[in-house]
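Student: make a model of this:
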Amino acid sequence: MSGPRERRPRWGKDAAKYLLSDEPPVIATRRHPAVLFRPAVRGVPVLLAGGWLLQLSPGNPVSSTVGLLVVLGALGYLGLHVAEWWVRHFLITRRRVLLTSGVIIRTVAVMPLRRITDLTWKETLFGQLLGYGTFRFESAGQKQGLDEITYLPHADALYKRVSELMFGSDFATTPVSDDDDGSGSMDDGESKAEDPRNGARPAGGRRDTAPIPRVRPPAERDG
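Tutor: Reported below is the predicted structural model:
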């Protein structure tokens with residue numbers, strides 16, 4: 001009997017091109033599919049109305065043309081929102097927070113992790129039921145596109161992981177682990193690799209640093 005089936009990450013590999021080669025993501029996810037609820041409420045009735053016009057009088061060129069235009073417009077509206085949901089990614093590494101967006105024109109908002117001074121996590125009633133919430137970042141600089149990020153999935157696990165990165169005492173030396181939502185790394189081996197800047201890392205994820213020996217000035221030694 002085979003083991004449990006591995007869950008596919010909730011992010012596209014195309015987002016990897018915005019990361020450095022030695023910068024595996026600790027968190028990498030799309031927004032919750034609930035973000036498509038409002039466009040569906042608006043677009044589906046229009047799509048049905050266009051289909052009704054097409055079937056109302058097939059021999060009438062006016063109603064058929066209007067119905068076809070309505071159907072195409074509704075499909076374009078829905079397709080644009082689905083594509084935007086597909087390409088928008090929320091990425092957090094041990095250095096930066098990134099938000100990619102845009103279908104025709106791609107935009108990447110970046111904030112250094114060290115500049116974040118405060119984090120607010122908000123869950124509405126529907127967010128608690130469906131498992132999504134909103135991150136609100138406060139930084140030491142000017143406002144930018146990462147101030148508020150909505151519809152983030154896996155609320156509890158994501159909030160704890162971000163808090164660990166921002167406020168954990170050993171966030172710079174703890175090995176990257178898979179998060180509950182995405183894969184947490186580019187591949188299975190990269191997240192377990194040691195940081196080349198820190199050298200070999202002993203078991204436990206921490207390194208002890210010996211104090212720097214004091215050296216007396218030459219004048220004291222001569223005397």
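
Student: who are the packing partners of the helix or strand harbouring R161?
Tutor: R161 is part of helix 155-167 when elements are defined by DSSP states H and E. Contacts of helix 155-167 with other secondary structure elements, assessed using 3 or more Cβ pairs under 8 Å, 6 or more residues apart in numbering; DSSP states H and E, are made with strand 27-29, strand 89-92, strand 116-122, strand 132-139. The C-beta positions use only the backbone N, C-alpha and C, and glycine is treated the same way.

Student: what angle separates it from strand 132-139?
Tutor: Computed by axes from the mean of the first three to the mean of the last three Cα atoms, to 10 degrees, the angle separating helix 155-167 from strand 132-139 equals 20 degrees.

Student: now for the longest helix along the chain, which elements pack on it?
Tutor: Taking DSSP state H as the criterion, the chain has its longest helix at helix 61-87. Judged by 3+ Cβ pairs under 8 Å, 6+ apart, the packing partners of helix 61-87 are helix 37-56, strand 96-101.

Student: swap the cut-off to 6 Å and go again
Tutor: Packing partners of helix 61-87 (3 or more Cβ pairs under 6 Å, 6 or more residues apart in numbering; DSSP states H and E): helix 37-56.

Student: what angle separates the helix it packs on from helix 61-87?
Tutor: Interaxial angle, helix 37-56 versus helix 61-87 (the same axes, to 10 degrees): 160 degrees.

Student: contacting residues for the closest residue in space to H32 that isn't next to it in sequence?
Tutor: If the residues on either side of it in the chain are set aside, H32 comes closest to Y132, at 3.7 Å by Cβ to Cβ, 6 or more residues apart in numbering. Applying Cβ atoms under 6 Å, 6 or more residues apart in numbering, we find Y132 in contact with 32, 34, 151, 153.

Student: domain ranges for this protein?
Tutor: Residue ranges for each domain of the chain read 22-32+88-192, 38-83, as given by automatic domain parsing.

Student: looking at those domains, which is nearest to A16?
Tutor: For the domains of the chain, distance to A16 was read as Cβ to Cβ. The smallest value, 5.7 Å, belongs to domain 22-32+88-192.

Student: return the set of buried residues in stretch 119-127.
Tutor: The neighbour-count criterion (16 or more other Cβ atoms under 10 Å) identifies 121, 123, 127 as the buried residues of stretch 119-127.
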